[in-house]
Every structure is written in C-alpha cells, then in structure tokens.
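In: test case, fold it:
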Amino acid sequence: MPSPHMSSHDPASCSRPAGDSPPSCACPGASGPLPRTDWGVPAEGGVVSLPLRSVARRTGRVASRRRAVLRVLCICLSCLCVLGGPDSQPVAFAAVDPASPRVTPVVQAVQRVAPAVVNITSARVEERRVNPMPGLLDDEMLDQLAPGLPKQRVTSRSLGSGVIIDGERRLVLTNAHVIAGATSIAVRLLDGRTFTADLVGADPDFDLAVLRLAGAGRLPEAPMAHSADLMPGETVLAIGNPFGFSHTVTTGVVSALNRTIRSKDGLFTDLIQTDAAINPGNSGGPLLNILGELIGINTAVYARGEGIGFAIPIDKARGVVEELLGQGRVSPVWLGLSGQNVDPRTASVLGLGKVAGLLVTEVFAGGPAATVGLEPGDVILSINGHDVGGKDEYLLLVGNYTHKDVLRVIIMRGGQERELRVVPAIFGRADAERLAAQRWGVILQQGRGGLVIAEVRPGSPAAQLGLARGDVLRAVGPRQVESLDDFAVAYRRYQLNAQVLIQVQRGARLYHVRLVLQ
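Out: Prediction:
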C-alpha cells in the first residue's frame, strides 16, 4: 500500500468522481442482503473451491514482495502467532427490553449483524532450515550459504476476521492476506460453532478472498448497503477479532472517502478512511453503517498514528467477488496502449504544469484506448481523480479496477485538458503472448515444468540476452509464473518497463537476468 507506514489494500466495481465528493456507483441501488444473482453462479455447486495449497502458491507467488510488505505494514500484522485466543466462550447478548433507551442504534446494528461476523484462524505448515544464527541470517540467506542444513516442519497460526455475505451458500468475505499461504482455515461463529473453510478464490492485488464453510447449514448473513452514498462524518462500526478478542465492537465516523495509499510495492485507491479503532486481527472484518449494513471490509491501519484506519468499499468489492466466485481469480485489465514517463523537456514543450503523467507512445488497434480516441502524443494526467505521476503509477492505478468499471481519464492534448470515459479490457493470455513475441522476441508454450521458450526471434531483445529454445521462464520480476495466465498477470505489471528482471531455468541451473527492451 502507499506509505511505508500502512498495512493492506483493495478492488472495484463502480466508478468514482475525483476529489472528496462521495463516489458515484453504477451498481443497483437496492440495499439489504446480498442478491443471489449478483454472483452469477448457481446457488449450490456452482462455486468451485480451489485447493488451499494451489491458492497458497498463487497468493504467495503473485505478490511475494507485496505479501512481505503486508506482513509488516498491513493489518496482516494482524496475522499474529497464536498460542490460544483470549476468548473461548460463545458471545451472547443480554436480555434487555428493546424499548430501553440503552438499546441505541449502535446496539441494534451490532445485534443485527454480529451473528454474521466470524473469526478466522489460518494455519501454515512450512519447512524451514534450523537457523544457528536467527538474528543474523534469514531463510533465504541460509538456503544460499548452507543448503545442507536440516529442515524442520513448523506450524504457525494467525488471526483475522470475516463476514458472511451469503448464508445460503455459506460464503465468507475476508482479506487475502489473512489466509495467504494457509494450509488449513478454521472459521468460528458468534455462537461458538467452528467450521473448516475451503478457499473459493483470492486476489492479493485487491486483498480480498472468498471462503466457503464446509458442513454448515443455513447461516446468518450481513445485510449489504452501497458505499457510493457514504458521507464524511456519518457513524460507522467495526466488528472483528483484534488480538484474538472475539467480536470486539468499535465505533467512529467516516473520516474521508476516496483515499489512496502508496507503498514501494503497491498503490490502493478509493479507500474509506475511518477513526473506528482497527487493530491487528480486525483485518477482513466488516465496516458497518448505523443500520448494521455492510459498507466496507476493514483492511489497513496507519502505523504512525491513532484513529486512522482504512476499509475497502463494498461497491468496489462486489466486482472482485463476482470474479472470484466465477473463476477463483481476478482477470488483469489494460487500456490497450503503451507509454513512457514525461521528461522535463517534454513537459515544457507540451505546456504541462509539472513533470508528471504518462506520454502515450502507441495505441493498439481495437483496444479500449483506440475505441475512445486516445492518440500517440496524448499525456494521461489522472485516472478517476488520482494523479498519474508516471508509468509505474499508471499501471498500478489501472490494476486497481476490473473490466466492468468505467474510468474517467483526464488527458492533455494540444495544450488543452480533455476528459475521456474508458472501460478497461481483460488482458488475457493471448494479449500477453502476442506482446511477448513482438516486444521480447519469444514464443512461449505451456510445458510440464512451466513456461517453455519455444522460439527466439533473431535480433530480438531475448536473442541479444542469450535466451534459447528450451529455456524455462520461472519468474517475471518478483512474480513466479507457471502458466500463461500467470505470465499475463506479470507481463501486464511490467509492460511499460524498459527492462525487466526475469528468472530462467536452463537444465538444472537457475539464472536471474535482465531483459533490456529499449
């Protein structure tokens, strides 16, 4: 996330205006329980659970560096090692006359939704080398310096929160970092019942995951509102499992809307800022309005100050959840263009007020940018009210949305600002293969051991680097790739880079090499 003092991030299903005004949402306006038709899958049997180890590999690979940041910065710090939770008894409500003045709107909201809030315990079984100098050497250094050291199996447990969004299908929404790398997941309800959870899908870039409880009957579910009409100053509630204290309730207000958080490895947009206390263990829990309706998923806390927490808006989560239920992951998107950073000379020639933006150098026929009339020479200044500082920020911003969103793009052309509405397109394996052949000079094929380089074009960047037929591509940047779908996600992230670090296997040896594209 933005800022080296943050923890965690988000998704999108709605378009939002710039500034601090409430976002506008294209979602239907009805509130109440989550509509069954929102997810576009059968009520029973239509959601395919993914093996935990499979998704553990994906969430670990797709964002190994980001996950490391989340561990330190995010409420994934909420992923505390647990020896035993402070609470062991079911939570119950006292019998108080509903007409009593003590039964305030806050109390009513808690009573309405608390049964749908769950505590999540994730277990991870890992093999680690016995470290003779834990203060000096980390696991990676041990693997390199002392590969012969014996390994031992270590089980760690971590805490988080979640909320039931579909009681009939037993679906729980939480943060991806809460269950990242888990080999088993246990979910505990307000009444004390505990169930094993299967992972339906997770996306670490949006920090959202959907679980399905095994062996449970009809469950209570949280009524769902829309976050598009949130007002700064309105009362909100957070319920979660901070430090293992089950179903802890905190209250506050909406401090601000449309917040963007930056860090070295990520940029997360459209967040709700609140002063409701969010502590380690609250990750994945619900942020509620005064009516007890779900408006966000708590995901981050500002480490340097009190009273600053962040939540993913529920309108943004909707689009991500739909894709997770349909295919277990979120399809990467793009605008169908290439570009470069604006340098001081270009900024002066084009009359820009500052050295910032993305200078469009190529527009691909048939893509979203071509459809709305973007041209080479245009400078992209902002997307949905978020300034574009350069190519890295541009890619991170676009990656915060799905193919169902409408982006408000401000460009500079001929000394005048113009506004365009662009719908991102899915960046699929065919797009990645085509661009890899054009830009890198390689043709990739799915092999038994991963992505095999089937052909290298003479004179291409790949040929100049020395890549050869039969080499196996293992990683692009920090992202490991085992399939063409993995490669599409990684390529989209680094498509505008002038050079990219890749990991290649040749025979039994691994090489880290820098592919220079310009």
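In: quick one: pLDDT of Pro28?
Out: In this prediction, Pro28 carries a pLDDT score of 32.
In: how about Pro33?
Out: Model confidence at Pro33, expressed as pLDDT, equals 38.
In: hey, C-alpha coordinates of the helix or strand harbouring Ile443 in PDB?
Out: If you go by DSSP states H and E, Ile443 is part of strand 442-447. Listed in PDB are the C-alpha atoms of strand 442-447, where the atom choice follows Å, rounded to 0.1, in the frame of the first residue of the first chain:
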ATOM      1  CA  VAL A 442       9.900 -15.100 -27.600                       C
ATOM      2  CA  ILE A 443       7.200 -17.600 -28.200                       C
ATOM      3  CA  LEU A 444       6.100 -19.300 -25.100                       C
ATOM      4  CA  GLN A 445       4.400 -22.700 -24.700                       C
ATOM      5  CA  GLN A 446       2.900 -24.400 -21.700                       C
ATOM      6  CA  GLY A 447       5.200 -27.300 -20.700                       C
END
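In: report all helices and strands that it contacts.
Out: Counting contacts by 3 or more CB pairs under 8 Å, 6 or more residues apart in numbering; DSSP states H and E, strand 442-447 packs against strand 450-456, helix 484-494. C-betas here are computed from N, CA, C, even on glycine.
In: turn those into a markdown table, including mean pLDDT and distance to Ile165.
Out: Output for those, formatted as a markdown table (pLDDT from 0 to 100; distance: least, CB to CB, whole Å):
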| stretch | mean pLDDT | distance to Ile165 |
| --- | --- | --- |
| strand 450-456 | 93 | 35 |
| helix 484-494 | 90 | 25 |
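In: end-to-end on stretch 430-440?
Out: The first and final residues of stretch 430-440 sit 15 Å from each other (CA to CA, to the nearest Å).
In: can you list contacts of it?
Out: Applying CB atoms under 8 Å, 6 or more residues apart in numbering, the external contacts of stretch 430-440 come out as 334, 442-444, 457, 460-462, 484, 487-488, 491-492, 495, 515, 517.
In: for Arg457, which non-adjacent residue is closest in space?
Out: Excluding the flanking residues, the one nearest Arg457 by CB to CB, 6 or more residues apart in numbering is Gly441, at 3.9 Å.
In: over to Lys391?
Out: Nearest residue to Lys391, sequence neighbours excluded (CB to CB, 6+ apart): Leu496, at 4.2 Å.
In: three-state assignment of that neighbour?
Out: When the structure is split into helix, strand and coil by DSSP: H, G, I helix; E, B strand; the rest coil, Leu496 lands in coil.
In: any chance you could map the helices in the stretch 301-450 of the chain?
Out: Secondary structure of the stretch 301-450 of the chain by DSSP state H, counting those that start in this stretch: the helices cover 314-327, 344-350, 368-371, 391-398, 429-435.
In: roughly how far out does stretch 394-414 sit from the chain middle?
Out: 17 Å (CA atoms, centre = their mean, to the nearest Å).
In: got the contact list for Ala474?
Out: Not quite, residue 474 is Arg, not Ala. 450, 480-481, 502-505, 510.
In: next, give phi and psi for the most centrally placed residue in the chain.
Out: Within the chain, one residue has its C-alpha closest to the average C-alpha position: by CA atoms, centre = their mean, that is Phe206, at 1.6 Å. Comment: the main-chain dihedrals of Phe206 come out as phi -100, psi -10, following degrees, to the nearest 10.
In: and it, how far is that from Val117?
Out: Between Phe206 and Val117 the distance, using CB to CB, to the nearest Å, works out to 21 Å.
In: now Gly385
Out: The spacing between Gly385 and Val117, counted by CB to CB, is 32 Å.
In: which one's more surrounded, those two?
Out: Counting neighbours by other CB atoms under 10 Å for Gly385 and for Val117 shows that Val117 has the greater number, 29 against 18.
In: list the contacts of the closest residue to that one other than its chain neighbours.
Out: For Val117, ignoring the flanking residues on the chain, the nearest one in space by CB to CB, 6+ apart is Ile239 at 4.7 Å. Counting by CB under 8 Å, 6+ apart, Ile239 makes contact with 110, 113-114, 117, 161, 247-249, 285-286, 288.
In: most surrounded residue in those?
Out: When neighbours are counted as other CB under 10 Å, the busiest of the contacts of Ile239 turns out to be Gly285, with 34 neighbours.
In: who touches that one in this structure?
Out: With contact set as CB under 8 Å, 6+ apart, Gly285 has these partners: 117, 160-163, 174, 238-241, 297-298.
In: show me what the nearest residue to Leu230 once chain neighbours are set aside is bridged to.
Out: Nearest in space to Leu230, with sequence neighbours left out and distances taken as CB to CB, 6+ apart, is Val254 at 5.4 Å. Partner residues in beta bridges with Val254, using DSSP bridges, are Thr274.
In: rewinding a little: the one helix or strand the residue nearest to Val117 maps to pairs with which strands?
Out: Secondary structure assigned from DSSP H and E places Ile239 in strand 235-240. Sheet neighbours of strand 235-240, with direction, are listed as strand 248-263 (antiparallel), strand 286-289 (antiparallel) (DSSP bridges).
In: which one of the ones you listed is the most hemmed in?
Out: Across the strands paired with strand 235-240, the average number of neighbours (mean count of other CB atoms under 10 Å) peaks for strand 286-289, which reaches a mean of 29.
In: on that earlier part again, from Val363, how far out is the residue nearest to Arg457?
Out: As defined by CB to CB, Gly441 lies at a distance of 22 Å from Val363.
In: can you say which of the contacts of stretch 430-440 are buried?
Out: The neighbour-count test (16 or more other CB atoms under 10 Å) marks 334, 442-444, 460-462, 484, 487-488, 491-492, 495, 515, 517 as buried among those.
In: now, which of those residues sits nearest Gln152?
Out: The shortest gap between Gln152 and any of these belongs to Phe487, at 34.4 Å (CB to CB).
In: ok, now which ones touch the closest one?
Out: Residues near Phe487 by CB under 8 Å, 6+ apart: 429, 432, 436, 444, 451, 473, 476, 481.
In: mind giving me the domain ranges of the protein?
Out: Domain assignment for the chain, taken from automatic domain parsing, gives 1-327, 333-426, 429-516.
In: and these, which one is worst for confidence?
Out: When the domains of the chain are compared on average pLDDT, domain 1-327 comes out lowest at a mean of 74.
In: so Leu352 makes contact with Asp343?
Out: No. Taking contacts as CB atoms under 8 Å, Leu352 lies outside contact range of Asp343: 10.7 Å.
In: between the two, which one's more packed in?
Out: Taking Leu352 and Asp343 together and counting by other CB under 10 Å, Leu352 has the greater number of neighbours (18 against 11).
In: contact partners for that one?
Out: Listed by CB under 8 Å, 6+ apart, the contact partners of Leu352 are 342, 346, 379, 412.
In: how close does it get to Asp97?
Out: The gap separating Leu352 from Asp97 is 65 Å, by CB to CB.
In: any idea how far Arg157 lies from Ala197?
Out: Distance from Arg157 to Ala197, counting by CB to CB: 14 Å.
In: so these two - more neighbours on which side?
Out: Comparing Arg157 with Ala197 by neighbour count (other CB under 10 Å), the higher total belongs to Ala197, at 30 against 18.
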